[in-house]
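Student: Here is my input; please provide its structure:
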Amino acid sequence: MSKRTCGSKALLFPLPTVIVGTQVKNTVNYMTVGYCGMVGGPPSTIAIGIGSQSATYERIRSCRGFSVNVPSSRQVAKTDYVGIVSASDKDKSGVFTTFYGDMDDVPLIKECPVGMECRLTQIHELGDMLTCYGEIVQTHVDESCFEEGRIAISRVDPILLSPTESEYLRVGPSIAKAYEVGKRLIDD
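Tutor: Predicted coordinates for the structure are as follows:
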């Protein structure tokens, strides 16, 4: 199969679409982030990549914490909105219903099926992007997302981002059972 070179492109896709919540004093802000992933544990640690010029970065640095909220497809318009409008230009605190968990100054979104409270552990600068690492202090999941005692991704219905096509996508049907399908290739 022939390949085409494309330069230095990060083509891990689709990307999870999450909404980062921050608070400074009594001001709540939400911002959509496409660069997000689990990076280790224990303790469970998550990383988010944000622009060094964003108001969200200054808020995270100031309060030393943030939330990572996983919106469902039902929140796609609001999710896009809080990503394209800057907190410097518009108060976005009323777009979602805010609630608080274990960390008093970390706002979570009631409408999102999953929300994680994170304590900032470190910041790493990579060009114009900053990677903020957070220890997950607590995770909140809607009761409706559980199936047979486990969290079902189909019930969360997360928004995925295709960065090459600038499209939001949904999770598709299962193709195989993880940690099982490859066993048939193991030599006896």
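Student: So what's the residue count around the residue nearest to T97 when sequence neighbours are not counted?
Tutor: Distances taken as CB to CB, 6 or more residues apart in numbering place K110 nearest to T97, at 4.0 Å, with adjacent residues excluded. Every residue, glycine included, has its C-beta placed from N, CA and C. With neighbours defined by other CB atoms under 10 Å, the count for K110 comes to 12.
Student: mind listing what K110 touches?
Tutor: By CB atoms under 8 Å, 6 or more residues apart in numbering, K110 lies in contact with 96-99.
Student: ok, it to S154 distance?
Tutor: Using CB to CB, to the nearest Å, K110 is found at 21 Å from S154.
Student: Please identify the buried residues of whichever strand or helix holds G37?
Tutor: Applying DSSP states H and E as the criterion places G37 in strand 36-40. Buried residues in strand 36-40, counted by 16 or more other CB atoms under 10 Å: C36.
Student: secondary structure class for R74?
Tutor: R74 falls in the helix class when you classify it by DSSP: H, G, I helix; E, B strand; the rest coil.
Student: In this structure it contacts P158, no?
Tutor: No - if you go by CB atoms under 8 Å, R74 and P158 don't touch, sitting 11.0 Å apart.
Student: So which of the two has more stuff around it?
Tutor: Taking other CB under 10 Å, R74 and P158 do not tie; P158 has more neighbours (20 against 13).
Student: returning to what we had before: what's the ChimeraX line that selects buried ones from the contacts of K110?
Tutor: Burial among the contacts of K110 is assessed by 16+ other CB under 10 Å; the matching ChimeraX selection reads:
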select :96,98
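Student: quick check, nearest of the contacts of K110 to I19?
Tutor: F96 (7.7 Å; CB to CB).
Student: before we move on, the earlier item: please identify the buried residues of whichever helix or strand comes after the strand holding G37?
Tutor: Downstream of strand 36-40, the next assigned helix or strand under DSSP H and E is strand 45-51. The neighbour-count check on strand 45-51 (16+ other CB under 10 Å) flags 45-50 as buried.
Student: same deal with stretch 142-152?
Tutor: Buried positions in stretch 142-152, judged by neighbour count with 16+ other CB under 10 Å: 142, 145.
Student: And the contacts of that stretch?
Tutor: For stretch 142-152, the surrounding residues in contact (CB under 8 Å, 6+ apart) are 113-114, 141, 155-156.
Student: most surrounded residue in those residues?
Tutor: Neighbour-wise, the contacts of stretch 142-152 (other CB under 10 Å) top out at P113, 22 neighbours.
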